[in-house]
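Undergrad: with the input below, show me the fold.
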Amino acid sequence: MPVLGQKVFIFAPTTDKFISLAGEEFTRRLDLTGYGNNWSKIRIGLNYQIDSTGGGNISGSLYVGLCSGTTFPLGSAQCTNAAFHYWGSQITAGTFTFNAGAGNPFYTANSAGAVRRVGVTDTAAAVGSATWNLPATGGTLERRGWLGVTIQQTATQAIITGFTQAAAVSTLDTWYEHFLYCTNQGGTPSVNETAAAVLAQTLTPGAGWNNNNLDTLDILWTNTTSRLLIYAVACEFTP
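TA: Numbers count the residues shown, from 1 in each chain. Have a look, this model is predicted:
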């Protein structure tokens, strides 16, 4: 199960608390009182790191998105409805390649994509490529990164966009204030003043695809040995 931890950073706050996932899933029901499923766009932002394995590549996948309630999330074989962006691989474990980063290491993901899931059945977009950069622990400067997912919905479609920070700034620390700033920006955010890497994909499941409300934050990290450390999560929505 997810556990709580604490890590020291150079700038305030000197220490920052996190929850960690290792082959686990985190869900949290959103407060959409008065809106239900009548929203047009939700953006999810993560302030996070991945545990470094001391220089080696790791395998796994990271899924960030929305599902219907907490009982049957996207990791369940009885998943009611989920729409998400993933890094790594949709079906089998992808590869996250270690990059030393001049003393502040990060991982690069080999692929990414968008998927809508019901039960074990996926409606997927073609896998796209970009430079996906995910910060690792153990650097000269311990730092938190920014990762985002935007989900837009219509009666028949889901437009799912994933963002990570660009390689040029992947060795920098993303403060909590800037994490919120990135999450709240329209279009493609600038992370540490540099445009994020971005991939937008459109799924067309058909009419009624979202009858089961997408009302729950859902994060799944499949690697069991290198933890995903999450310092903050924010969700911004447009009615």
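Undergrad: hey, let's count contacts and neighbours off CA atoms from now on
TA: Will do.
Undergrad: just checking, Glu177 is part of a helix?
TA: Yes: counting by DSSP: H, G, I helix; E, B strand; the rest coil, Glu177 falls inside a helix.
Undergrad: and it, how close does it get to Gln157?
TA: 33 Å (C-alpha to C-alpha, to the nearest Å).
Undergrad: Pro189 too?
TA: Using C-alpha to C-alpha, we find Pro189 at a distance of 23 Å from Gln157.
Undergrad: any regions of this structure where pLDDT drops low?
TA: Scanning the chain for pLDDT under 70 picks out 1-14, 91-92, 129-130.
Undergrad: show me where it has helices.
TA: 176-184 (DSSP state H).
Undergrad: check contacts around the most centrally placed residue in the chain.
TA: Centroid-nearest residue in the chain, with C-alpha atoms, centre = their mean: Val64, separated by 3.9 Å. Residues near Val64 by C-alpha atoms under 8 Å, 6 or more residues apart in numbering: 44, 84-86, 149, 217-220.
Undergrad: same list, these, but as TSV with distance to Leu32 and neighbour count please.
TA: Below are those laid out as TSV (distance: C-alpha to C-alpha, whole Å; neighbours: other C-alpha atoms under 10 Å):
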residue	distance to Leu32	neighbour count
Ile44	14	22
Phe84	18	28
His85	21	27
Tyr86	24	23
Val149	18	26
Leu217	12	24
Asp218	15	25
Ile219	19	25
Leu220	22	22
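Undergrad: any chance of CSV for those, columns distance to Arg29?
TA: Output for the contacts of Val64, formatted as CSV (distance: C-alpha to C-alpha, whole Å):
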residue, distance to Arg29
Ile44, 13
Phe84, 15
His85, 18
Tyr86, 20
Val149, 17
Leu217, 6
Asp218, 9
Ile219, 12
Leu220, 15
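Undergrad: can you tell me which of these are in strands?
TA: 44, 84-86, 149, 217-220 (DSSP state E).
Undergrad: how many neighbouring residues does Ser68 have?
TA: The number of residues packed near Ser68 is 23, by other C-alpha atoms under 10 Å.
Undergrad: same question for Thr202.
TA: Neighbour number of Thr202 under other C-alpha under 10 Å is 18.
Undergrad: distance check, it against Asn38.
TA: 19 Å.
Undergrad: is the residue nearest to the centre of the chain in a bridge, and if so with what?
TA: Assessed by DSSP bridges, Val64 has beta-bridge partners His85, Ile219.
Undergrad: over to Gly148?
TA: Counting by DSSP bridges, the residues bridging with Gly148 are Gly45, Phe163.
Undergrad: what's the distance between it and Leu30?
TA: From Gly148 to Leu30 the distance is 17 Å (C-alpha to C-alpha).
Undergrad: got the contact list for Trp132?
TA: Contacts of Trp132 (C-alpha under 8 Å, 6+ apart): 108-111, 164-167, 197.
Undergrad: the same query, at a cut-off of 7 Å, please.
TA: By C-alpha atoms under 7 Å, 6 or more residues apart in numbering, the residues touching Trp132 are 108-109, 164, 197.
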